[in-house]
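Trainee: Sequence below, structure please.
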Amino acid sequence: MNDDRRQRLIGLGAEELADALLKLAGRDEVADDLVDRMIANPAENIVRFKSKISELMSMSRFVPWGESTAFARELEDLLERLGAGNPDPHTGAELVVAFYRTDEAVLNNCDDSNGRIGDVYRYDARNLFVSYASRCRNKEWLADLVLALNQEDHFGVRDSLIDCAGEYLPIQVIRGMIDRLCTLSDQEREEYGRRHRLLCIESLARQIKDAPLFEKARLSAWEEPSTAACVDIGRVYLESGDPRTALSWLERIPLSETFQAYERDRLLLEIYGKLGGREEQAKTAWRSRRKMYTRFRN
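Mentor: Sure, this is the predicted structure:
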């Protein structure tokens, strides 16, 4: 259906489409912004992107929940304007980071109960950053840029650039980031700040499949390994190609423990499969099915 409509629109000709777009733009701000973005040259789009970033940094109006989805679309359109500006990878990465720095002003003035606004930072901005960063030659500069941004992350959206570092940085540069985060963690006086650094180290360690480092970071954050910690550490050892150590961590969890039981059993099935433990795999599968059946009956 859309293909048919597209062909019919093409058949109308440029002048008729231009008139229709201008008419629509006169009635709707989003359409007006789209038309402006389409007819602006790359340099103009970059100038307007920067201007909007300045507006967001000093944002004072409150966006209620009922308007949050529309506002999220405005932020998506702003990132599309940056893409239309076609900056070089270095500049593009810098400008996406400038967008991230609006998070506090924006999210402090929005009812983002549905998460739509935050998701623009977590996903749309992240994907655009990766598109530039993956083509940027100066990887050390990129690491500095991301770490500087990550010094503060009050709303938990800036960590998205840490969580995808493996998509745009080589392992040796990521290890350098980890070393710096370890130093920052040791120097951090506030417990929240220290745990935030450790979470970043966990993320980077998992991406480079360094399970012992992940384990060390997790245990540094929490002295006694919880059920969730045992599951997470076991998962990372499995992902890193060490199923035996993964099994040793999962075996610390009592079989009677119900918290994260499904995830534990799922990992156990995979571990026993890699270790050739068919009998243990069958027992785990039976236990998991029985728990599920009991849950449904109740």
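Trainee: which helices and strands sit right next to the strand or helix carrying Ser131?
Mentor: Assessed by DSSP states H and E, Ser131 sits inside helix 126-133. Packing partners of helix 126-133 (3 or more Cβ pairs under 8 Å, 6 or more residues apart in numbering; DSSP states H and E): helix 65-84, helix 89-100, helix 160-163. C-beta: built from backbone N, CA, C; applies to glycine.
Trainee: Can you give me the buried ones in the second one?
Mentor: For helix 89-100, a neighbour-count test (16 or more other Cβ atoms under 10 Å) marks Pro89, His90, Gly92, Ala93, Glu94, Leu95, Val96, Val97, Ala98, Phe99, Tyr100 as buried.
Trainee: dump the residue contacts of the last one.
Mentor: Counting by Cβ atoms under 8 Å, 6 or more residues apart in numbering, Tyr100 makes contact with Tyr121, Ala125, Leu149, Val157, Arg158, Leu161.
Trainee: Report the contact partners of the last one.
Mentor: It stands for Leu161. Applying Cβ under 8 Å, 6+ apart, the residues near Leu161 are Tyr100, Arg126, Phe129, Val146, Leu149, Asn150.
Trainee: and the host helix or strand of the fifth one with helix 89-100, angle?
Mentor: Taking DSSP H and E as the criterion, Leu149 maps to helix 139-150. Note on geometry: by axes from the mean of the first three to the mean of the last three Cα atoms, to 10 degrees, helix 139-150 and helix 89-100 are set 10 degrees apart in direction.
Trainee: Return the set of buried residues in the helix holding Ser131.
Mentor: Within helix 126-133, the residues scored as buried using 16+ other Cβ under 10 Å are Arg126, Leu128, Phe129, Val130, Ser131, Tyr132, Ala133.
Trainee: Nearest to Asn114, out of the helices and strands packed on helix 126-133?
Mentor: Asn114 lies closest to helix 65-84 among those, at 6.2 Å (Cβ to Cβ).
Trainee: other SSEs contacting the closest one?
Mentor: Applying 3+ Cβ pairs under 8 Å, 6+ apart, we find helix 65-84 packed against helix 29-39, helix 42-57, helix 89-100, helix 116-119, helix 126-133.
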